[in-house]
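Q: Sequence below, structure please.
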Amino acid sequence: MSWKLKKFDELTNSELYNILKERTVIFVVEQNCPYLEVDGKDPLSYHLFKEVDGEIVAYLRILPPGVSYPESSIGRVIVKKEFRGQGIAKELLKRGLDFIQNELKETTVKIQAQEYLRKFYGSFGFQAISETYLEDNIPHIDMVLQFK
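A: Residues are numbered from 1 along each chain as shown. Model (predicted):
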């Protein structure tokens with residue numbers, strides 16, 4: 001099992017294909033939510049993922065300031081169904097936040113989280129900054145993390 005962090009132009013065709021496939025499986029098929037998964041932000045983002053035998057099992061994208069919000073952001077956080085409950089999501093988010101803080105030197109991260117993950121993100125220090133609202137018919141909440 002290996003972790004990789006790449007800019008869009010550094011992804012191989014196979015890596016990009018597998019990332020988009022897994023994101024679609026989870027966000028469109030599993031959550032029964034037809035929406036534009038490929039939203040034009042990938043070329044501006046960093047892509048952090050874990051592979052097992054050439055298969056993407058965990059992924060998130062890191063969006064620099066100005067792409068989604070004035071602050072840096074994390075989005076499209078996924079762990080493949082068969083790999084859930086093993087602590088991979090915590091390791092994934094920790095690695096993403098470490099990169100934002102230590103490599104990008106950013107002090108704030110804003111996310112749009114699915115409501116059921118409020119406590120998960122809260123365990124990393126994210127604070128809710130909005131009421132719950134529907135996005136693509138799924139309850140979401142905006143959250144912010146300030147690094148100290």
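
Q: in this structure, which spans are strands?
A: Using DSSP state E, the strands found in the chain span residues 2-7, 46-52, 55-63, 72-79, 108-114, 127-128, 133-135, 138-146.

Q: Determine the number of other residues adjacent to the closest residue to Asp9 other than its chain neighbours.
A: Excluding the flanking residues, the one nearest Asp9 by CB to CB, 6 or more residues apart in numbering is Pro43, at 7.7 Å. To be clear about C-beta, it is placed using only N, CA and C from the backbone, and glycine gets the same treatment. Pro43 has 9 neighbouring residues, counting by other CB atoms under 10 Å.

Q: doesn't Phe8 make contact with Pro43?
A: Yes: Pro43 is in contact with Phe8 according to CB atoms under 8 Å; the separation is 4.5 Å.

Q: Show me the shaky parts of this structure.
A: Within the chain, the ranges that satisfy pLDDT under 70 run 1.

Q: any idea how far Arg118 is from Leu104?
A: 25 Å (CB to CB, to the nearest Å).

Q: How about Leu63?
A: 20 Å.

Q: quick one, which of the two is more surrounded?
A: Leu63 (23 against 17).

Q: I'd guessed the more buried one sits against Asp42; true?
A: No: in this structure Leu63 lies outside contact range of Asp42 using CB under 8 Å: 9.5 Å.

Q: The residue lying closest to Glu82 once chain neighbours are set aside: what's it in contact with?
A: Of all residues not flanking Glu82 in the chain, Val57 sits nearest, at 7.8 Å (CB to CB, 6+ apart). For Val57, the contact set (CB atoms under 8 Å, 6 or more residues apart in numbering) comprises 1, 50-51, 79-80, 82-83, 88.
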